[in-house]
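Q: From the sequence below, what's the structure:
(one chain, ligands or ions: 1)
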Amino acid sequence: MKEADQLKKLVGEAAADDIKDGMTVGLGSGSTVYWMVKKLGEKVKEGLQIQGVPTSNTTAEWAREFGVPLTDFSKVQELDLTIDGADEVGENLHLIKGGGGALFREKVVAAAAKELVIIVDGSKLVSHLGEFALPVEVLPFGWEVTAEQISNLGCSPTLRTSQGETYITDNGNYILDCPFGQITDPEVLHSELKSIVGVIETGLFIGMADKIVVGKEDKVEVISKT
Ligand SMILES: O=C(CO)[C@H](O)[C@H](O)COP(=O)(O)O
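A: From the prediction side, this is the model:
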């Protein structure tokens, strides 16, 4: 296993220890979350009673595979905890997410949780957000117009593809990857993007994370919101 993957496994498994009996938990998406869901499955087999709300169809499949019970927002509207990954963690624990294309559901699930814990390997910590092209979920209809309007904010968006086809999110939408470079004011950029009609959601998670669990070398560090 590569070093980054080992760190993802380390933090994913460590984060599963935050999940206590009786909790309703938002299950994020991505390769770090995979390890958390797998570990959670082991704990459920040992008797832990929890329910998860998945942020993507892929996470729902993992949960079923590992035996993690699932629920949905028709039955529960507040979650005790959400555990998710991130593509970048910057100042004030602001995040870029959406590398896996699940940003919209991830944001809904994060917003429903009393606590948001982010699990990352150390390479995701940055001084300024933006080296990772910001994923923006857009409506397929008129996406070209939306992309043009986003480009007026200072980047050249790329329509995400997968295996030669346009990538479609679990919500049936497209993703524009927007390389803004250093993002000096994430709040302003987020609200400018949200004012564009075809934009559904941005991958900027501002002020949402409560705690970051970071895998560095062979140990886990915790950064809490101040
Ligand atoms: O935002 C996400 C998916 O939309 C993921 O949390 C993010 O891409 C991190 O993924 P990984 O743990 O595989 O590095």
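Q: And the helices in this structure?
A: 3-16, 31-45, 57-66, 103-111, 143-151, 186-194 (DSSP state H).
Q: Okay, angle between the third one and helix 103-111 too, please.
A: This means helix 57-66. 60 degrees (axes from the mean of the first three to the mean of the last three Cα atoms, to 10 degrees).
Q: do the fifth one as well
A: Computed by the same axes, to 10 degrees, the angle separating helix 143-151 from helix 103-111 equals 60 degrees.
Q: what's the spacing between residue 195 and residue 189?
A: 11 Å (Cβ to Cβ, to the nearest Å). No exception for glycine: its C-beta is placed from N, CA and C like everyone else's.
Q: ok now do the closest residue to residue 223 other than its chain neighbours, which residues does it touch?
A: Leaving out its chain neighbours, the residue that sits closest to residue 223 by Cβ to Cβ, 6 or more residues apart in numbering is residue 212, at 4.3 Å. Residue 212 makes contact with 89, 93, 117, 118, 119, 120, 125, 222, 223, 224, according to Cβ atoms under 8 Å, 6 or more residues apart in numbering.
Q: Could you do residue 116 as well?
A: 26, 81, 82, 84, 110, 208, 209, 210, 211.
Q: still on that earlier bit, of all the helices of the chain, which one comes closest to residue 162?
A: Minimum separation from residue 162 across the helices of the chain (Cβ to Cβ) falls at helix 57-66, 12.6 Å.
Q: if I pick residue 41, what's in contact with it?
A: Residue 41 is in contact with 63, 65, 66, 67, 68, counting by Cβ under 8 Å, 6+ apart.
Q: Residue 195 and residue 189: which is more packed in?
A: residue 189 (22 against 9; other Cβ atoms under 10 Å).
Q: Touching, that one and residue 204? I think so.
A: Yes. In this structure residue 189 lies within contact range of residue 204 using Cβ atoms under 8 Å: 6.7 Å.
Q: overlap in contacts of the two?
A: The contact lists of residue 189 and residue 204 share 134, 183, where a contact means Cβ under 8 Å, 6+ apart.
Q: hang on, the earlier thing: I'd like the contacts of residue 116 written out as a markdown table, with distance to the ligand added.
A: Shown next, in a markdown table, are these (distance: Cβ to the nearest ligand atom, whole Å):
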| residue | distance to the ligand |
| --- | --- |
| 26 | 12 |
| 81 | 16 |
| 82 | 11 |
| 84 | 5 |
| 110 | 10 |
| 208 | 12 |
| 209 | 12 |
| 210 | 16 |
| 211 | 15 |
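Q: If we look just around the ligand, which residues of this protein are in range?
A: For the chain, the residues in contact with the ligand (Cβ under 6 Å from any ligand atom) are 8, 28-32, 84-87, 97-103, 106.
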